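Trainee: Curious how this folds, go ahead:
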Amino acid sequence: MQKKIPLRKCVGCGEMKEKKSMIRVLKTPEDEIILDTTGRANGRGAYICNSEECLLKAIRNKGLERSLKSQIPEEVSNRLKKELG
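Mentor: Have a look, this model is predicted:
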């Protein structure tokens, strides 16, 4: 039997892609928003494609805010752009 590949939907472009090829943006239990490089950290996660374009789209269309169920401050979105770029 073939192993199932986990798919996730990008909150920027809305495409379904392999979980491994995407970046997880995480809201920790302490309400901190970070990039989760391991994909295993505790908290609420949202997935975006590994491109700055998708991150900008996710911020613009409020997809990231909806997925994480919280407001995203300007300095946090700037930090995410820096870490991704």
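Trainee: Against which helices or strands is the one helix or strand Leu80 maps to packed?
Mentor: Leu80 is part of helix 74-84 when elements are defined by DSSP states H and E. In terms of contacts (3 or more CB pairs under 8 Å, 6 or more residues apart in numbering; DSSP states H and E), helix 74-84 is packed against strand 33-36, helix 52-60. No exception for glycine: its C-beta is placed from N, CA and C like everyone else's.
Trainee: Quick check: buried residues in that helix?
Mentor: Neighbour counts over helix 74-84 (16 or more other CB atoms under 10 Å) mark 76-77, 80, 84 as buried.
Trainee: closest to Gly63 among those residues?
Mentor: Nearest to Gly63 among the buried residues of helix 74-84 is Ser77, at 12.3 Å by CB to CB.
Trainee: Grab the nearest non-local neighbour of the closest one.
Mentor: Ile59 (5.1 Å; CB to CB, 6 or more residues apart in numbering).
Trainee: my guess is the one you found meets Arg79, correct?
Mentor: No - with contact defined as CB atoms under 8 Å, Ile59 does not reach Arg79; the gap is 11.9 Å.
Trainee: still on that earlier bit, do you know how far the residue nearest to Ser77 is from Arg66?
Mentor: Relative to Arg66, Ile59 is positioned 11 Å away (CB to CB, to the nearest Å).
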